[in-house]
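>>> mind looking at a prediction? Sequence and model below.
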Amino acid sequence: MSDTAPVEEAQGSPIEVSDTHAEVTDEALFTEDDAERLGSLIEAVVTTPYKYGCHVELLALLKKAGPGGLDDELRDARHRMAGLFLMDEQFWQEWIVDETRAREDKAKLNGGVYDDEDTIKLLELHSRSVNDLLSVTLWKRYVEFVITEHERENKEGKSPELSIFEKGTVEGVLVEAVSATGYSIPDSHEIWNIYRDMKSSELQANPTPENTALLKRYYLARFKVPHATIDQTFADYSSFITQHENQIYEKELIAANKIVSETRKLLAEFLPYEDYLATNPTDANVWAQYIDVAINRPKKQFNPEIPKALYERAIKWSPTVPAIWDNYVLYLLDQSFPFQLIDAVLERAVKACPKSGLLWAHMIRTRERFKSTSESIEEAKDRAFATGMLSTNADEYSIVAAAWISYLRRKYAIDLDENERVLILRREIDMVMADFEQTFPSKNRKDQAYILPRLYITILTQQGEIAMARQQWQDLSKKHAREAAFWLRWFEWEKSVCLASGDALTPAGVLDAAVGIKSLDAPERICEALVEFERDHGSAFSMEKAEIKVKKLMRAVLRRRAIESAQEQQKPERAKKEETTIYPAPVARHTDADDEVNITSKRKEQEDDLQKPNPKKAKTEPSEISAPSRDREHTTIIVEGLAPHITEQIVTNFFKDCGEIKDMKLVTNDTFATATIEFANAEDVLAAQTRDQKILDGRTITVRVGVDTTLWITNFPSAADEEYIRTIFAPFGEIVDIRFPSLTVNNKRRFCYLQYKRPEDAHAAQEALNDSPAPPISSSSDGRTSKERNLVVKISDPSQKQHRQGAVNEGRELFIRNIPVSMKESDVRKLFEKYGSLERVHLPSQDELFHTHQGFGFVSFENVADAKRALELDLTKVGDRLLSVTVAEARTSGGGRGARGARRARGSLGGPGRGRGREAGITVSANRADQRARRI
């Protein structure tokens, strides 16, 4: 089951997940402890139904009781689990076997007479088993069951009025089975052969021209369907024509051969994929390519059933990958398949991936599109939130909530007048936003797309609540300040609400604020927008002011890029530290606690050094220098569709004109090859993208940027190697590279980078494996196993700087120097608390006995605004000294706060440290020095 159902832990104590198909031996006796555990598990699956591990353990315990022991409880547990999760072939086979055994045992006690109610229940179970995942095995079992029961009833002489398995029922099941499995190329013949034999028997019993023509039509239709045994089907057809229409044998076979020839050509195109997937069925990348081949055929050769069957086969092996379901649903909608089919697929999708907001949103929109009842649409929304699975991801939650609010907006626009619509819609959105804020407090929220707040802004704007909408933008800016796309969205909104009234200052103010942020991810976009807006709406003064700001920002950007380029040129030194500079940790998506950092202690500075400013230490260190020196994620392309025999030299020659190639890897198999190419900079990548869909060595290639394809992995056993990592991550897609850091500088480093060919595979692996138990490795030296630990799996993104939490990192902590020795902690608190509520006051002690401090300390406010106002105390005379008040700076990796910090470092691994950074004094920028001089 572990490969088909999502293992989700709901609120409550975690339960170890066991194998749902674990065999129970005769020696495994059901104990009193098992009975006690059974009660708690039954309660758990009722109160927290999506706690998958509880269901797994419950089934294992009930099986342990043995046949006849707890059959009713086992049956109920299976019904409950199958109603919540998408179950695999083995689950249904075990259930059918147990119910068949129970029915047989009951019949023996009744003198060989089968109970009709038990027979109907077994028939319904067979019918239910084929609905979750495409399985020819289950369909074959279903077909054989109805045929066997039909023959039994005939043998018993059961009247048609009492018959359960009349001829029409048997044929109906067979037709359904052929339709469901017909395009499963490797094994569809197992069902077709049964159906053909039944029709052949009918023809033999009643050899009429009508029956002969009917079976011939079945053969000709089968020839159009690609299947592995098409040659055998053609041979069977030849025998059929010889027996029944021998006089026109040559004509009929020539006509049939034309059809078969076209299907053989299609099979020849599909064969490389079929051969590969026969041994690598979980390779989602190859399934995607295979489906693309089936979809992108000439219009006259396109058969919509073939991609549909391929999606079903891919889902059988990777049912918990939301991207496959998403693409499948969009394909069905694009090809205008009936609503009943699409809705059934979505029902299975949300059972397989209950955490996917996108799939729940599909269900809401699809039901609206096909005019389902309001009750069914609301039922989909209620089920989505009732699972509890959406409360772990703000983006997924937002997608469903936004789909629901959008539906209500369209519904009320038709059903209600203006006043009622505004009133009710506002109430609904306020309720949703209140629940959203409660579920995801803004401080810890990680909604990268901020979908729901944007929808809230739209509705507030439509209702004329401009001030409230603007406050939403301001709140969002705290988390999305580095994103140029965010500022441009806010700017466009301000334009839409302000320009009509002649207000050009407010939109320009948004861009002004963005220009002041040096760490913007795309500063050129902001600069272009600001200059264009000022040219169209600004004055001569504002235009010149904007150009000055833009030039300053771009100079900073160019300086940063020059520094990065210079670092790249330092070949000898970088070669010694390649792993530390080439593979930067994905600071934007994991916290400081993810890395193991040893902080060394430094001897403390002299007290008199803290009591006076040191101009020699005052220097500006631009934050741009901290940018990663090598950004593989944004300078790498992935080239797909290459011929399997291609060489690195051919690929290099094809792309060499695009820019400097720093590295290339080529992964090949019998069908195709894939190359990953790293360029020197992002501009080269843009040039390389122009080669997309070009012909190389006779093949049309696809060129994609390698963004979001790399995972940062840590917390695995120290003995883990590339084979260990590959074994864990290979089921999620094709791996193109695995990189471990050098242990020369720090032998405690335990992380690696893994790159997939496709971003969706990386995201699927992250969702499935992050915080999952790391498989243990047995030690070869002493036989001991590594300690239990959970993997940490993040998407690598070195282009973003790390955002840390805490007073110092949020700018709420002030560093105070030159504090008079006579001043106590209570005096400092009294001095600063007039600016706002204090979180903490700390004066490092010099003498524990006499309670004297060292002349400096730290004051933490509860919010940033109060801390900024308290900076007014800088250079204020207290006693015989001038206080120095500055914003405290975060600790550096050298052990202290470095510039402006001077606070004692706290070791992250071994308790409190004793050192400060080498430069414990205050670094004052030139602007700060000018301000002080004017104030003095």
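Happy to help now that I have it. Numbering: from 1, shown residues only.
>>> flag every buried residue along the strand or helix carrying residue 91.
Using DSSP states H and E, residue 91 sits in helix 89-109. Of the residues in helix 89-109, 89, 91, 92, 93, 95, 96, 98, 99, 100, 102, 103 count as buried by neighbour count, 16 or more other CB atoms under 10 Å. For glycine as for every other residue, the C-beta is placed from the backbone atoms N, C-alpha and C.
>>> likewise stretch 663-675?
Buried residues in stretch 663-675, defined by neighbour count with 16+ other CB under 10 Å: 664, 666, 672, 673, 674, 675.
>>> bridging residues for the fourth one?
Beta-bridge pairing for residue 673 (DSSP bridges): residue 642, residue 668.
>>> which ones are touching it?
642, 643, 644, 646, 666, 667 (CB atoms under 8 Å, 6 or more residues apart in numbering).
>>> ok, now the fifth one?
Counting by CB under 8 Å, 6+ apart, residue 674 makes contact with 638, 639, 640, 642, 666, 667, 668, 734, 736, 757.
>>> could you measure from the residue of the chain most remote from its centre over to residue 241?
Using CA atoms, centre = their mean, the residue of the chain lying farthest from its centre is residue 247. It sits 62.8 Å away. Residue 247 is 10 Å from residue 241, where distance means CB to CB, to the nearest Å.
>>> what about stretch 844-863, how long is it end to end?
The first and last residues of stretch 844-863 sit 23 Å apart, counting by CA to CA, to the nearest Å.
>>> please read the previous query as pertaining to stretch 385-398.
Span of stretch 385-398 from end to end, CA to CA: 11 Å.
>>> just how off-centre is it within its chain?
13 Å (CA atoms, centre = their mean, to the nearest Å).
>>> what's the answer for stretch 834-849, then?
Offset of stretch 834-849 from its chain centre (CA atoms, centre = their mean): 44 Å.
>>> how about residues contacting it?
607, 807, 812, 819, 825, 828-829, 832, 851-854, 856-863, 865-867, 869-870, 872, 904.
>>> among those residues, the buried ones, what's the ChimeraX command?
Buried subset of these, written as a ChimeraX selection, criterion 16+ other CB under 10 Å:
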select :807,812,819,828,832,853,854,856,857,858,859,860,861,866,867,870,904
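>>> among the contacts of stretch 834-849, which are located in strands?
Among the contacts of stretch 834-849, the ones falling in strands (DSSP state E) are 852, 853, 856, 857, 858, 859, 860, 861.
>>> the third one and residue 875, how far apart?
Using CB to CB, we find residue 856 at a distance of 15 Å from residue 875.
>>> quick check, central residue of the protein?
residue 763 (3.8 Å).
>>> wait, it sits on residue 708?
Yes: with contact defined as CB atoms under 8 Å, residue 763 counts as touching residue 708 (7.0 Å).
>>> quickly list what's touching both of these two.
With CB under 8 Å, 6+ apart as the test, residue 763 and residue 708 both reach residue 795.
>>> where along the stretch 651-800 of the chain do the strands fall?
661-668, 673-679, 695-696, 699-700, 702-705, 710-714, 735-739, 751-756, 792-795 (DSSP state E, counting those that start in this stretch).
>>> need those in TSV (columns: mean pLDDT and distance to residue 322).
Converted to TSV, these look like this (pLDDT from 0 to 100; distance: least, CB to CB, whole Å):
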stretch	mean pLDDT	distance to residue 322
strand 661-668	86	25
strand 673-679	88	23
strand 695-696	84	33
strand 699-700	84	29
strand 702-705	85	20
strand 710-714	90	17
strand 735-739	88	20
strand 751-756	89	16
strand 792-795	90	15
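>>> possible to save the ones you listed as CSV with distance to residue 85?
CSV is the format used below for those (distance: least, CB to CB, whole Å):
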stretch, distance to residue 85
strand 661-668, 34
strand 673-679, 34
strand 695-696, 44
strand 699-700, 40
strand 702-705, 33
strand 710-714, 26
strand 735-739, 28
strand 751-756, 26
strand 792-795, 23
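>>> which of those sits closest to residue 321?
Nearest to residue 321, of all the strands of the stretch 651-800 of the chain, is strand 751-756, at 12.2 Å by CB to CB.
>>> what lies in contact with that closest one?
Under CB under 8 Å, 6+ apart, the answer for strand 751-756 is 285, 583, 585, 595, 676, 706, 709-714, 725, 729, 732-741, 762, 765, 796.
>>> one more: stretch 29-44?
By CB under 8 Å, 6+ apart, stretch 29-44 touches 12, 15, 51, 54, 57-58, 61-62, 64-66, 69, 73.
>>> and those residues, which are buried?
Judged by 16+ other CB under 10 Å, buried ones among the contacts of stretch 29-44: 15, 51, 54, 57, 58, 61, 62, 64, 65.
>>> what's the distance between stretch 458-470 and the middle of its chain?
The chain centre lies 32 Å from the centre of stretch 458-470; the measure is CA atoms, centre = their mean.
>>> on that earlier part again, make a ChimeraX selection of whichever of the contacts of strand 751-756 turn out to be buried.
Buried residues among the contacts of strand 751-756 (16+ other CB under 10 Å), as a ChimeraX selection:
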select :285,583,585,595,676,706,709,710,711,712,713,714,725,729,732,733,734,735,736,737,738,739,740,741,762,765,796
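>>> show me where the stretch 51-200 of the chain has its helices.
Assigned helices in the stretch 51-200 of the chain, in chain order: 52-64, 71-84, 89-109, 116-129, 136-156, 167-181, 189-205 (criterion: DSSP state H, counting those that start in this stretch).
>>> check contacts around residue 857.
815, 816, 819, 825, 828, 841, 842, 843, 844.
>>> ok, 6 Å please
By CB atoms under 6 Å, 6 or more residues apart in numbering, residue 857 lies in contact with 816, 842, 843.
>>> give the bridge partners for it, please.
As assigned using DSSP bridges, the partners bridged with residue 857 are residue 816.
>>> specify the local secondary structure of residue 521.
coil (DSSP: H, G, I helix; E, B strand; the rest coil).
>>> over to it: give its phi and psi.
phi -80, psi -30 (degrees, to the nearest 10).
>>> residues near it, how many?
14 (other CB atoms under 10 Å).
>>> any idea how far it is from residue 757?
Taking CB to CB, one finds residue 521 at 25 Å from residue 757.
>>> residue 88 too?
As judged by CB to CB, residue 88 and residue 757 stand 26 Å apart.
>>> when the two are compared, which one has more neighbours?
The neighbour count for residue 88 versus residue 757, taken as other CB under 10 Å, is higher for residue 757 (27 against 20).
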